[in-house]
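Enquirer: Dropping the sequence and predicted coords here.
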Amino acid sequence: MNTALMTATPPDLALPIRVGIVEDDLRVNQSLTAAVNLADGMEMVWSETTRAAALSALARRPVDVLLVDLGLPDGSGIDVIREAHERLPNCDVMVCTIFGDEAHVLQSIEAGAHGYLLKDSPSGTIAEEIRLLRAGGSPISPLIARLVLGRLRPALPAAGPVETADGKPGVSMSRRETEVLELITKGFTYEEIARKLGVTRHTVQTFVRRIYAKLEVGSKIEAINAARQQGLLGP
């Protein structure tokens, strides 16, 4: 969930994703490190267990993706998120923690986190979550998504839904979702789209499921037709 708007250079998808980890639980740290080391197209740059060590590592060795636990023995992981956001504007930060309360979630987002996963929540493999994060997505546990939506709802202005020309409610697409939809329209397969965007087939399928859900359709043809009717695609 990227709430920080900064001018950033798009990542070079030909290069491996450089990963840093901040996790004081040695078992979890070793598990995350092993997953990154085994993943194609990723490079494990450093792994630290304290706030101080992580801040030092950020100053010495930049990373593309940072996985951060919040409860560290010498302070808060939020300080690490804030430092990464300020020092490395192109770095994508994902929280991996047991803390699912509103205060920790909102402070993490405000500090610059782009994703938020609870350690005990079901999700895909961490490698897939990292690829989705780097592709412009925001991996987030369902319970956290519900909390954030509930927090935002009272602040939203009272307004009717956006409507299309035929009077039906309209939808909005993220940049990546629009790219995937446009490539589908041009007849590219999931494998071809994955290669073009520098992500995995699984990541492309994740975007397609989101597109189908937003458009309330069940096939490529229906998605293309619905997107054109709502002005999301050219004729």
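Expert: The structure has been received and is ready for your questions.
Enquirer: didn't Val80 look like it was pressed against Arg51?
Expert: Yes - if you go by CB atoms under 8 Å, Val80 and Arg51 touch, sitting 6.0 Å apart. The way it works is simple: take the backbone N, C-alpha and C, and place the C-beta from them, glycine included.
Enquirer: So for those two, which sits in the more crowded spot?
Expert: Val80 (28 against 21; other CB atoms under 10 Å).
Enquirer: Name the nearest residue to Ala223, ignoring sequence neighbours.
Expert: If the residues on either side of it in the chain are set aside, Ala223 comes closest to Val217, at 4.9 Å by CB to CB, 6 or more residues apart in numbering.
Enquirer: On the three-state scheme, that neighbour is what?
Expert: Three-state assignment for Val217 (DSSP: H, G, I helix; E, B strand; the rest coil): coil.
Enquirer: Find residues that contact each of Val80 and Arg51.
Expert: Overlap of the contact sets of Val80 and Arg51 (by CB atoms under 8 Å, 6 or more residues apart in numbering) consists of 22, 72.
Enquirer: Output the contacting helices and strands for the worst-scoring helix or strand of the chain on mean pLDDT.
Expert: None of the helices or strands of the chain scores lower by mean pLDDT, DSSP states H and E than helix 142-152, at a mean of 78. Judged by 3 or more CB pairs under 8 Å, 6 or more residues apart in numbering; DSSP states H and E, helix 142-152 is in contact with helix 102-111, strand 115-118.
Enquirer: Domain boundaries for the protein, per the record?
Expert: 17-152, 175-229 (automatic domain parsing).
Enquirer: which of those sits most buried?
Expert: Between the domains of the chain, domain 17-152 has the highest mean count of neighbours, a mean of 19, where neighbours are mean count of other CB atoms under 10 Å.
Enquirer: now whichever strand or helix holds His202, how far from the chain's geometric center?
Expert: Element membership of His202, judged by DSSP states H and E, is helix 201-215. Helix 201-215 sits 14 Å away from the centroid of its parent chain (CA atoms, centre = their mean, to the nearest Å).
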